[in-house]
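Engineer: make a model of this:
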Amino acid sequence: MPHWKTIVHKNTTISYQDQGKGTVVILLHGFLENSHMWDAFVPELSKKYRVITIDLLGHGKTEPMGYVQTMEDNADAVYAVLSSLRIRRAVLAGHSMGGYVALAFAELYPDAVKGIALINSTSLADSDERKANRDRAIKAVKQDYSCFVRLSVANLFSEENREKLTQEIESVKQQALKTPLQGIVASLEGMKIRKDREVLLHFAPYPMLLVLGKKDPVLNYADQLDQIENTNVQLITFPDGHMSPIENESALLKALILFLKEIR
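Structural biologist: Numbers count the residues shown, from 1 in each chain. Coordinates of the predicted model:
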């Protein structure tokens, strides 16, 4: 069993796991998730790569940091882990909020990036409607934490999969219920104010991959295609929802392995 390691960054304990040897691949989970999201991926990827999974601020075993956790705050925490391990460059793969963190990292530390995979994620900032939804979510989670978490998780899957994958969804809910209230609210505040980083998709000097779900209830598929027009970003589309690491586990693993093979 891999064991947890920690560093203290800005008075906050950051937890991570580190396995394998080779090109460094950082796996970043999404909102209400933690490093367990990658349990099915790490054994396979760590055969050829050095895989580091990090619990983002206020998630998993990592403490919350303040009342607003920006994507930049998370990116700094990721960089602090890399610095402590004396790692100069890495490939970042982020699911949903983890993708926002990967892009913030790429903007802040461009020389540390070898490639980026955005999984059910986007370079676009929140629309006014999405911002209003975040504010509603903050109110809802303060009123009824458990109900908010359970509903939020179920709503990330495509409708068909909500019935098919009941066991998997329950397991994601159990992990999500370990996320402290402060971590949830501070992350919602941070996602709400994140910058548009579409420019990175056009000018990044390293390979990029975008993985989308056709029936993603969170990110409208057609809207997401515009950001990669006239770019070299590779697109992979799955027929399901927002949770490709679970809904399309083996296909996503294959896609990541192919993407990593191209990185020098």
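
Engineer: which residues touch the most centrally placed residue in the chain?
Structural biologist: For the chain, G98 is the residue whose C-alpha lies nearest the centre (Cα atoms, centre = their mean; 2.1 Å). By Cβ atoms under 8 Å, 6 or more residues apart in numbering, G98 lies in contact with L27, L28, H29, G30, E33, L56, I119, S121. C-beta coordinates here come from the backbone N, C-alpha and C atoms, glycine included.

Engineer: surely the third one meets H59?
Structural biologist: Spelled out, it's H29. Yes: contact criterion Cβ atoms under 8 Å: H29 and H59 qualify, at 6.9 Å.

Engineer: which one's more surrounded, those two?
Structural biologist: H59 (31 against 25; other Cβ atoms under 10 Å).

Engineer: pLDDT at the residue nearest to that one when sequence neighbours are not counted, what is it?
Structural biologist: Closest residue in space to H59, ignoring its immediate chain neighbours: N34 at 5.0 Å, by Cβ to Cβ, 6 or more residues apart in numbering. N34 carries a pLDDT value of 98.

Engineer: K61 is in contact with N34, correct?
Structural biologist: Yes: contact criterion Cβ under 8 Å: N34 and K61 qualify, at 7.4 Å.

Engineer: compare neighbour counts for the two and give me the winner.
Structural biologist: Between N34 and K61, counting by other Cβ under 10 Å, N34 is the more crowded of the two (22 against 15).

Engineer: who's in contact with the more buried one?
Structural biologist: D55, H59, G60, K61, Q175, K178, T179.

Engineer: identify, from the residues you listed, the entry nearest to K214.
Structural biologist: Set against K214, the nearest of the contacts of N34 by Cβ to Cβ is Q175 (25.4 Å).

Engineer: give me the phi and psi for the closest one.
Structural biologist: phi -70, psi -40 (degrees, to the nearest 10).

Engineer: cool, and Q234?
Structural biologist: Taking degrees, to the nearest 10 as the convention, Q234 sits at phi -80, psi 140.

Engineer: please apply the same query to the one 3 residues further on.
Structural biologist: For T237, the backbone dihedrals are phi -110, psi 130 (criterion: degrees, to the nearest 10).

Engineer: please indicate which of the contacts of N34 are buried?
Structural biologist: Neighbour-count burial (16 or more other Cβ atoms under 10 Å) applied to these gives D55, H59, G60, Q175, T179.

Engineer: from I257, how far out is the last one?
Structural biologist: Counting by Cβ to Cβ, to the nearest Å, the separation of T179 from I257 is 29 Å.
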